[in-house]
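>>> turn this into a model:
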Amino acid sequence: MNSNLAHLINDYQNAVRQAIALMKSSGIPIPESNIAWVFSGVIQSNTLEGGIGYFKHGYGCAVDLPSGGIDFDFGENGEIDGFDASRLWSFSKNSNINYGFQDEAHFNDIFEQAVANSEIIYSGYILYYCAKKYSQEGVQVL
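As a prediction, this is how the structure comes out:
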């Protein structure tokens, strides 16, 4: 996998894990499915521990982490490691890290190449998942 894309995906997934940990510690139950999240009864907009804001939407949530905002959807079975191109691009633009993409078209070309190479697998609804675990350098981790 392209090392810039792998680095971005790793950082995005780490930010989602941070948001999930914060949600759990704030008493928000993590759902077993995206449908369960929709009907969970979690208040749509509120604050988490430390005064960190969140906004519940559809199958996901946007959390204003101190390091920058993260927007994610839960997977069909409650997975938290899914992503899509638009959320990755938005995360990269709101980060103080330069992931090495010339522009959005360049990023989309690299993303689409990873899909074509079966390094990223489409779930059938919005989210994509890494076919294998990759390091930030784009090297497959066993």
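>>> what about the longest helix anywhere in the chain, average pLDDT?
When every helix of the chain is counted residue by residue (DSSP state H), the longest turns out to be helix 3-25. Mean per-residue pLDDT for helix 3-25: 96.
>>> centre of the chain versus that helix, how much separation?
Helix 3-25 has its average C-alpha position 6 Å from the chain's average C-alpha position, going by CA atoms, centre = their mean, to the nearest Å.
>>> buried residues in it, which are they?
By 16 or more other CB atoms under 10 Å, the buried positions in helix 3-25 come out as 4-13, 15-16, 19-20, 22-23. No exception for glycine: its C-beta is placed from N, CA and C like everyone else's.
>>> check stretch 104-123 too.
In stretch 104-123, residues buried by neighbour count (16+ other CB under 10 Å) are 107, 110-111, 114, 119-120.
>>> find the nearest non-adjacent residue to Cys61, please.
Nearest-residue entry for Cys61: Tyr54, 5.7 Å, with adjacent residues in sequence omitted and distances by CB to CB, 6 or more residues apart in numbering.
>>> now do Gln44
Lys56 (4.9 Å).
>>> same question for Pro66.
Of all residues beyond its chain neighbours, the one nearest Pro66 is Ile52 (7.2 Å), with distances taken as CB to CB, 6+ apart.
>>> that neighbour reaches Val63, doesn't it?
Yes: under the criterion of CB atoms under 8 Å, Ile52 lies in contact with Val63, with a separation of 6.6 Å.
>>> just the strands in this protein please.
Residue ranges of the strands in the chain, as given by DSSP state E, are 45-48, 52-57, 60-65, 68-73, 120-122, 128-130.
>>> gap between the first one and the chain center?
Going back to what we said before, that points to strand 45-48. The offset between the C-alpha centroid of strand 45-48 and the centroid of the whole chain comes to 19 Å, using CA atoms, centre = their mean.
>>> from Phe72, how far out is the spatially closest residue to Leu127 that is not a sequence neighbour?
Leaving out its chain neighbours, the residue that sits closest to Leu127 by CB to CB, 6+ apart is Gly82, at 3.3 Å. Separation of Gly82 from Phe72 (CB to CB, to the nearest Å): 7 Å.
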